[in-house]
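Participant: sharing a sequence plus its predicted fold:
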Amino acid sequence: EAGVAQSPRYKIIEKRQSVAFWCNPISGHATLYWYQQILGQGPKLLIQFQNNGVVDDSQLPKDRFSAERLKGVDSTLKIQPAKLEDSAVYLCASSLDRPNTEAFFGQGTRLTVV
Amino acid sequence: GENVEQHPSTLSVQEGDSAVIKCTYSDSASNYFPWYKQELGKGPQLIIDIRSNVGEKKDQRIAVTLNKTAKHFSLHITETQPEDSAVYFCAASTNTNAGKSTFGDGTTLTVKP
């Protein structure tokens, strides 16, 4: 079974530029999450999708971050404009839509803002 | 919201020794507590979890305990091996969906051969 795919693996941009990350969840997983993991910290949930609808985006900095999952499968996370403090690993995870189910994480995209 | 504190931040043990990582949480409504292992350059991987109606759970060399009254839970790894070296995260959730969790800041475990 293929895992959660993310691209790119690494990205370096200058502050005030924009960047987008892509995630392809495990086939059949209706729930998709984006997490931000700053170096030395645990992952922090940014947004949760159920199919193509947003379930929770309370911790997403909406002035600069946006995310979409138009067809209920792939998802993109965008930052515009980027700030130095956005440097982090952005993790995508997916799970089946039922209780007591495991979430599977992708390898993440490491973003460096200079 | 939920706050999860984890300690120690680093732990070094000799191969074959035991390792213990402890976490506390703040939200009494939390009912699901997963533990993740993250190796360098990879995403977190669930290694064991425990639900609020259970006090202890064991899977081979790994065990977790939960004290709901004190709001703390622990990970125990026995007979450690060099391949156990990684960053371990505890997490807490009010939802049995493992993906929506508040994570601790991690423990870097080093097992010396």
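Facilitator: Looks like it arrived, so ask away. Numbers count the residues shown, from 1 in each chain, chains lettered A, B, ... in the order given.
Participant: look up phi and psi at residue A:3.
Facilitator: Residue A:3 has phi and psi values of phi -90, psi -170 when expressed as degrees, to the nearest 10.
Participant: measure it to residue A:70 for me?
Facilitator: Distance from residue A:3 to residue A:70, counting by CB to CB, to the nearest Å: 22 Å. All C-beta spots, glycine's among them, are computed from the backbone N, C-alpha and C.
Participant: which one of those two is surrounded by more residues?
Facilitator: Between residue A:3 and residue A:70, residue A:3 has the larger neighbour count (other CB atoms under 10 Å in any protein chain shown), namely 14 against 9.
Participant: hmm, residue A:93 and the more buried one touching each other?
Facilitator: No. Distance between residue A:3 and residue A:93: 10.4 Å, which falls outside the contact criterion (CB atoms under 8 Å).
Participant: intersection of neighbour lists for those two?
Facilitator: When contacts are counted by CB atoms under 8 Å, 6 or more residues apart in numbering or on different chains, residue A:3 and residue A:93 have A:104, A:106 as shared neighbours.
Participant: for chain A, what are the nearby residues on chain B?
Facilitator: Counting by CB under 8 Å from any CB of the partner chain, the positions of chain B adjacent to chain A are B:4, B:6, B:41-46, B:51, B:89, B:91, B:96-106.
Participant: do that again at 7 Å, thanks
Facilitator: Among all residues of chain B, those adjacent to chain A (criterion: CB under 7 Å from any CB of the partner chain) are B:41-46, B:89, B:96-100, B:103-106.
Participant: who are the packing partners of the helix or strand of chain A with the lowest mean pLDDT?
Facilitator: Lowest mean confidence among the helices and strands of chain A (mean pLDDT, DSSP states H and E): strand A:53-56, at a mean of 92. Counting contacts by 3 or more CB pairs under 7 Å, 6 or more residues apart in numbering or on different chains; DSSP states H and E, the secondary-structure elements packed against strand A:53-56 are strand A:44-50.
Participant: just checking, residue A:49 touches residue A:29?
Facilitator: No. Here residue A:49 lies out of contact with residue A:29, judged by CB atoms under 7 Å, at a distance of 10.3 Å.
Participant: so those two - more neighbours on which side?
Facilitator: Comparing residue A:49 with residue A:29 by other CB under 10 Å, the one with more neighbours is residue A:49, at 22 against 18.
Participant: residues in a beta bridge with the more buried one, which ones?
Facilitator: Note on residue A:49: beta-bridge partners by DSSP bridges are residue A:32, residue A:54.
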